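1. coords please:
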Amino acid sequence: MLADRMRMAAAWLAANPRLYVEDVFSTYLYTGNGSTQAITNGIDLAGKGGAGVAQRKK
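-> Numbering: from 1, shown residues only. Sure, this is the predicted structure:
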């Protein structure tokens, strides 16, 4: 399985040689108000996979 993913990544990089950190990583800081908030960051988390991380600042 790992070998398959490595082959797929190599094929993608061969077809798309310029990959920038902005293409795969995004950060936004916001001040919350204690309620639920939708955060739109432009990265397709549902279709391409990914993760969202929230951290409380003290």
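2. check this protein for its longest helix and report it.
-> With secondary structure taken from DSSP state H, the chain has its longest helix at helix 2-15.
3. state the mean pLDDT of that helix.
-> Average pLDDT, helix 2-15: 85.
4. do me a favour and average the pLDDT over the next helix or strand after it.
-> Once helix 2-15 ends, the next helix or strand along the chain (criterion: DSSP states H and E) is helix 21-24. For helix 21-24, mean pLDDT rounds to 77.
5. show me what helix 21-24 is in contact with.
-> For helix 21-24, contacts defined as Cβ atoms under 8 Å, 6 or more residues apart in numbering pick out residue 43. (C-beta placed from N, C-alpha, C; glycine too.)
6. now it - C-alpha only, PDB.
-> In PDB, the C-alpha atoms belonging to helix 21-24 read as follows (Å, rounded to 0.1, in the frame of the first residue of the first chain):
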ATOM      1  CA  VAL A  21       3.600  24.800   0.300                       C
ATOM      2  CA  GLU A  22       0.600  27.100  -0.400                       C
ATOM      3  CA  ASP A  23      -0.900  24.300  -2.600                       C
ATOM      4  CA  VAL A  24      -1.100  21.900   0.300                       C
END
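7. if you count neighbours, what's buried in the longest helix of the chain?
-> Buried residues in helix 2-15, counted by 16 or more other Cβ atoms under 10 Å: none are found.
8. show me what it is in contact with.
-> So helix 2-15 is contacted by residue 19 (Cβ under 8 Å, 6+ apart).
9. what is the distance between it and the centre of its chain?
-> On the basis of Cα atoms, centre = their mean, to the nearest Å, helix 2-15 sits 18 Å off its chain's mean C-alpha point.
10. again with stretch 9-17
-> 18 Å.
11. could you do stretch 43-52 as well?
-> 6 Å.
12. tally of neighbours for residue 18?
-> Here the count is done by other Cβ atoms under 10 Å, and residue 18 has 6 residues near it.
13. er, residue 43 I mean
-> Residue 43, neighbours per other Cβ under 10 Å, totals 16.
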